[in-house]
Every structure is written in C-alpha cells, then in structure tokens.
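J.: sequence first, predicted model second:
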Amino acid sequence: MYLVTRLDADLSQRNGTLQTSYNKHNIIQHIDTVVIAYYNHLPVGCGCFKAYDERTAEIKRMYVKPENRGKGLSKQILAELEKWVLELGFTKIILETGIKQPEAIGLYSKGGYCQIPNYGQYSAMPNSICFGKRLDKR
C-alpha cells in the first residue's frame with residue numbers, strides 16, 4: 001500500500017480536486033495480479049491488472065517513485081504485466097491515464113500502445129486518455 005499511497009498523492013497533486021472523481025475507479029483490494037519493482041531491496045514501483053472482459057485485461061495503478069524514474073523500471077513492470085496477461089489467455093490490454101501524466105503517455109506510446117476512445121467509466125472524463133494494445137502469443 002506504500003506505493004499506492006505515493007501514487008494517490010502524486011495524482012492528487014497533479015489533478016487537484018478532480019482526482020476525487022477518479023478514486024472510485026482505483027480500488028485494488030481484490031486484485032492479486034500485482035508486480036512490484038525493487039531497487040536496492042526497497043519497493044520503488046508497481047503495476048497491476050484485472051480482467052475487463054473475457055479477452056481483455058486492464059492495466060491499473062502503474063507507478064514508479066520519482067527518484068527512481070529514468071532507470072527503465074516502468075518498462076520492466078509493464079513487460080512483466082504483459083507477459084502475465086498473455087499467460088492467463090488475454091489477447092488485449094487497455095488502460096487509462098491522465099492528460100497531466102506525460103511520463104505515462106510516453107511509456108505507453110513507446111511500448112506499442114495506441115490511443116483508443118475513452119471506455120467505460122472514463123468515457124465522459126475529458127482529462128482521461130485511454131490506450132490499447134493487442135498481444136502476440138509468441
């Protein structure tokens with residue numbers, strides 16, 4: 001929960017009171033598909049996913065502490081999540097990030113994700129940007 005608390009604080013700082021409308025979509029108590037990155041034996045990054053439908057997984061709660069960014073940790077977390085998603089039989093990943101998160105937008109764009117129409121709970125949220133990616137079973 002330490003990293004999620006840091007993520008929530010970061011998002012609140014970036015988005016102000018608007019963040020409260022997103023909080024209900026970020027509940028992770030029942031998600032057990034979590035990847036945690038460690039640096040010098042300390043947790044510094046995380047990400048998880050949940051089933052969106054039978055073929056699609058949704059990436060949630062991606063975060064790397066600011067002082068540990070630039071080391072490729074977010075790419076490693078995302079790669080591990082993608083591998084796990086494939087192992088469970090999903091063929092597509094979707095995710096939502098915010099317009100005030102240029103690091104995340106860059107990560108997903110460089111990782112082969114394409115912007116898609118805002119989906120589900122994010123469809124009416126103009127500060128959201130949604131991405132998707134089809135996965136190859138290699």
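T.: Great, that's in hand.
J.: tell me the first helix or strand C-terminal of the worst-scoring helix or strand of the chain on mean pLDDT.
T.: Every helix and strand of the chain was ranked by mean pLDDT, DSSP states H and E. The lowest is helix 20-23, at a mean of 54. Note on helix 20-23: by DSSP states H and E, the next helix or strand toward the C-terminus is strand 34-39.
J.: immediately after that following strand, which helix or strand?
T.: Downstream of strand 34-39, the first helix or strand assigned by DSSP H and E is strand 42-51.
J.: could you check how far residue 62 is from residue 74?
T.: 7 Å (C-beta to C-beta, to the nearest Å). Quick note: C-beta positions are derived from backbone N, CA and C, even for glycine.
J.: could you report the neighbour count for residue 63?
T.: Neighbour count for residue 63, taken as other C-beta atoms under 10 Å: 20.
J.: could you dump the helix or strand containing it to PDB, C-alpha only?
T.: In this assignment (DSSP H and E), residue 63 forms part of strand 56-64. Written as PDB, here are the backbone C-alpha positions of strand 56-64 (Å, rounded to 0.1, in the frame of the first residue of the first chain):
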ATOM      1  CA  THR A  56      -9.200  -8.000 -22.400                       C
ATOM      2  CA  ALA A  57      -7.100  -7.100 -19.300                       C
ATOM      3  CA  GLU A  58      -7.000  -3.600 -17.900                       C
ATOM      4  CA  ILE A  59      -3.700  -2.200 -16.500                       C
ATOM      5  CA  LYS A  60      -4.100  -0.300 -13.200                       C
ATOM      6  CA  ARG A  61      -2.000   1.600 -10.700                       C
ATOM      7  CA  MET A  62       1.200   1.900 -12.600                       C
ATOM      8  CA  TYR A  63       3.700   3.900 -10.600                       C
ATOM      9  CA  VAL A  64       7.500   4.400 -10.100                       C
END
